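A.B. asks: Compute the structure for the input listed below.
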Amino acid sequence: MNLGRLPQLLQLAQLGTRAWRAPLALALVLIAVQLLCASAWEALPYDRAAILAGGDYARLVTAHFFHYDLAHLAWNLVGLALVAALFAREFDLRGWIVILVAATVAVDLGFLLLEPQLEWYVGFSGVLHGMMAAGLCAWLWRTPDAITALVAVLFAFKLGWEHLVGPLPFTASTLAVPVIHEAHTYGAIGGAVAALWMLWRQRPAVASL
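C.D. replies: Purely as a prediction, here's the structure:
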């Protein structure tokens, strides 16, 4: 492996305005939901009882676009900017939509099937981890190098730390709502599966003799 990706990471400004359109639109949606839907606070979060007993399935989507407070939103906006800077060009708009949907579904299914004790959740971090995992899969698939390996190891370390120790200290101390690390894991799995599926479909055909 080599450090061939380092110049790319040092020139993120060269992404251009087009690569930032979709992330910017997504950020504006998150901000708009936070500011305009405050009065509908009780109707938006993931609420296990409301979903299973009341059939309020819209919460499986709205929970990911609403945040507990502005600090919670700000953390996810910073994460979205980082993911966009690193990975925006790895998939086209349709591909990113597939990744968003897959990560959302993975988090929801993980909660419903594997986390019966979890009654309430809001935030985009689970889906965001799915986007991060998808971008890393694209890097590892197309141009593996030392920087890619390092970022992938750090990402895996973060997920492992959250499971074994708990939330990272700087996030736990700045957020008023508990960090649901399971969302990060399920989202990462969903994003990685979607990315690998698309990358496999896009692989060059091998001519038969």
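
A.B. asks: what about the strands in this structure?
C.D. replies: 46-47, 120-121 (DSSP state E).

A.B. asks: Looking at these, spot the one closest to Leu112.
C.D. replies: strand 46-47 (9.3 Å; Cβ to Cβ). All C-beta spots, glycine's among them, are computed from the backbone N, C-alpha and C.

A.B. asks: by contact count, what packs against the closest one?
C.D. replies: helix 59-62, strand 120-121 (3 or more Cβ pairs under 8 Å, 6 or more residues apart in numbering; DSSP states H and E).

A.B. asks: strand partners of that strand, parallel vs antiparallel please.
C.D. replies: Note on strand 46-47: by DSSP bridges, its sheet partners are strand 120-121 (antiparallel).

A.B. asks: and the partner strand, how far from the chain's centre?
C.D. replies: Relative to its parent chain, strand 120-121 has a centroid offset of 17 Å by Cα atoms, centre = their mean, to the nearest Å.

A.B. asks: can you start the count at 257 instead of 1 from here on
C.D. replies: Okay, residue one is now 257; in that scheme the one you just asked about reads as strand 376-377.

A.B. asks: got a list of contacts for that strand?
C.D. replies: Residues from elsewhere that reach strand 376-377, judged by Cβ atoms under 8 Å, 6 or more residues apart in numbering: Pro301, Tyr302, Asp303, Arg304, Ala319, Phe367, Ile436, Ala439.

A.B. asks: give the contact list for Phe380.
C.D. replies: Residues in contact with Phe380 (Cβ under 8 Å, 6+ apart) are Leu286, His320, Phe321, His323, Asn332, Leu336.
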